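**Q** I need the structure of the sequence given here:
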Amino acid sequence: MSRYVLHQITSHVSNYYMYNQIVGINGYTPVVNGGYVLKNMPFERFFPRTSFSDDLKRIRKKYPISLIHAHFGGLGAKSAPYAKKYKLPLITHFRGGDGSNDSKVRSSLQEKYKHLATEGTLFLPVCKAFIPMMEDLGLPRDKIEVLYGGIDISQFKFIQREFDTKEKFRICFVGKTSPKKGLLDLIEAFHKLNQHFANLELRLISSMPRGDQDRDEYKKIVNLIHKYELIDKVVFRFDVNNKELHNELHKAHLFCHPSCTVNGNIEGIPNAIKEAMATGLPSVSTNHAGIPELIQNNYNGFLVPENDHRALADALAKLIEDSALCETFAARGREMVEERFDLEKQLKIQKKIYDSLFR
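**A** Here you go, the predicted structure:
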């Protein structure tokens with residue numbers, strides 16, 4: 001017998017990682033409450049959000065909801081009173097942006113999550129690094145269980161690359177132009193590398209900047225590119241489809257994602273790094289949030305301090321100069337993704353978590 005799960009989302013689901021966590025759990029039928037639905041990620045049972053109270057009444061009249069799964073901390077806080085009212089278990093996902101390293105922000109979050117801490121059944125951070133922060137927010141440790149975001153590794157083919165090439169050597173980044181992605185540091189590092197290596201190209205695969213913060217950051221990035229006269233060396237590509245993304249990853253030789261904390265805002269484990277490593281791209285990133293749970297420094301990639309473009313350049317240079325090390329990191333990176341971040345494995349773990357609530 002299938003149970004109905006009410007999934008509380010933000011305005012919409014914009015990536016397949018969360019989409020699979022909603023539709024991919026055997027034995028559980030998703031009912032989704034949010035802003036709107038993208039055509040390429042449809043939901044059979046979708047209710048546009050008006051208000052939590054009215055929406056839940058309408059949904060419960062049509063479907064016997066057994067569980068609420070809120071996909072961000074704020075949605076969990078808003079769902080808590082209704083989980084209590086209707087005696088429903090409440091699972092809350094904690095993703096990048098749900099917490100903060102800023103003491104003032106954290107103080108307001110402690111108040112925000114106060115009722116969630118008592119009414120919530122389980123809290124699922126996307127990485128172990130979030131656990132101390134969540135405890136500091138007042139969430140009980142015995143209710144916290146890590147659930148990594150998985151990728152469909154069958155869609156990311158491992159590629160044998162020619163690292164010792166005299167042709168164009170490509171460094172790739174995939175992600176938004178938001179400040180916490182660290183692109184200004186990457187441009188600084190690339191400028192330093194370009195002074196020593198003649199055949200480099202930096203390819204930045206992103207989405208068109210849509211918020212004020214991302215647009216402002218994009219302008220700073222472009223200005224820095226022009227300042228260092230890198231316009232012929234740095235290529236921006238926006239809103240590529242999956243086939244184009246795979247082609248970009250396959251053509252690249254290295255991957256770099258220098259995440260950093262900005263005004264207390266942190267990431268979890270960027271899925272872009274998982275995808276790159278799955279294709280066999282040696283990767284360089286930072287000691288940020290949960291990234292060390294994916295990249296083990298000097299074993300399957302390099303990690304450098306946040307906001308240190310000199311260390312970033314040095315790490316990339318080591319890989320550019322050492323094809324054997326690239327091959328080692330490539331193989332070990334794929335192994336790590338298969339072992340810990342495989343979508344199929346993570347969905348099975350999520351199903352076990354659901355099942356545990358109904359024993």
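
**Q** list phi and psi for the residue most central in space within the chain.
**A** Centroid-nearest residue in the chain, with C-alpha atoms, centre = their mean: Pro270, separated by 3.5 Å. Note on Pro270: backbone dihedrals following degrees, to the nearest 10 are phi -60, psi 130.

**Q** got a list of what it touches?
**A** 175, 257, 259, 285, 291 (C-beta atoms under 8 Å, 6 or more residues apart in numbering). For the C-beta atoms, the positions are set from N, CA and C on the backbone; glycine is no exception.

**Q** swap the cut-off to 10 Å and go again
**A** For Pro270, the contact set (C-beta atoms under 10 Å, 6 or more residues apart in numbering) comprises 96, 149, 174-175, 180-181, 257, 259, 276, 285, 288-291, 294.

**Q** now do Thr279
**A** Counted by C-beta under 10 Å, 6+ apart, Thr279 has contacts 153, 155-159, 161, 246, 249-250, 252, 255, 330, 333-334, 337.

**Q** of those, which belong to strands?
**A** Using DSSP state E, the members of the contacts of Thr279 that fall within strands are Phe255.

**Q** drop anything exposed from the contacts of Thr279.
**A** 153, 156, 158-159, 161, 246, 249, 252, 255, 330, 333-334, 337 (16 or more other C-beta atoms under 10 Å).

**Q** buried residues of stretch 114-132, list them for me.
**A** 115-117, 119-120, 122-127, 129-131.

**Q** please read the previous query as pertaining to stretch 74-88.
**A** 74-80, 82-83, 88.

**Q** equivalent analysis for stretch 134-144, please.
**A** Buried residues in stretch 134-144 (16+ other C-beta under 10 Å): 134, 137, 139, 143-144.

**Q** longest helix of the chain?
**A** helix 323-340 (DSSP state H).

**Q** so for that helix, mean pLDDT?
**A** Averaged across helix 323-340, the pLDDT comes to 98.

**Q** tell me which stretches of the stretch 251-359 of the chain form helices.
**A** Assigned by DSSP state H, counting those that start in this stretch, the stretch 251-359 of the chain shows helices spanning 271-278, 309-321, 323-340, 343-356.

**Q** what bridges to Asp342?
**A** Counting by DSSP bridges, Asp342 is bridged to Ile151.

**Q** wouldn't it be in contact with Gln155 here?
**A** No - if you go by C-beta atoms under 10 Å, Asp342 and Gln155 don't touch, sitting 11.5 Å apart.

**Q** so what sits against both of these two?
**A** Ala278.

**Q** buried ones in the helix or strand of the chain with the lowest mean pLDDT, by neighbour count?
**A** Across the helices and strands of the chain, mean confidence by mean pLDDT, DSSP states H and E is lowest for helix 103-112: a mean of 82. In terms of neighbour count (16+ other C-beta under 10 Å), helix 103-112 has its buried residues at 109, 112.

**Q** for it, name the packing helices and strands.
**A** On a contact count with 3 or more C-beta pairs under 10 Å, 6 or more residues apart in numbering; DSSP states H and E, helix 103-112 meets helix 73-85, helix 130-136.

**Q** who does whichever helix or strand comes after the shortest one pair up with?
**A** Meaning helix 130-136. Counting by DSSP states H and E, the next helix or strand C-terminal to helix 130-136 is strand 169-174. Here strand 169-174 is paired, per DSSP bridges, with strand 200-206 (parallel), strand 254-257 (parallel).

**Q** which ones are touching Ile353?
**A** If you count contacts by C-beta under 10 Å, 6+ apart, then Ile353 has 25, 69, 91, 122, 124, 145, 147 around it.

**Q** domain-wise, how is this structure divided?
**A** 3-150+343-356, 153-340 (automatic domain parsing).

**Q** just to revisit the earlier point, which of the buried residues of stretch 74-88 lies closest to His12?
**A** Leu75 (13.0 Å; C-beta to C-beta).

**Q** which regions of the chain lie under the pLDDT threshold?
**A** 101 (pLDDT under 70).
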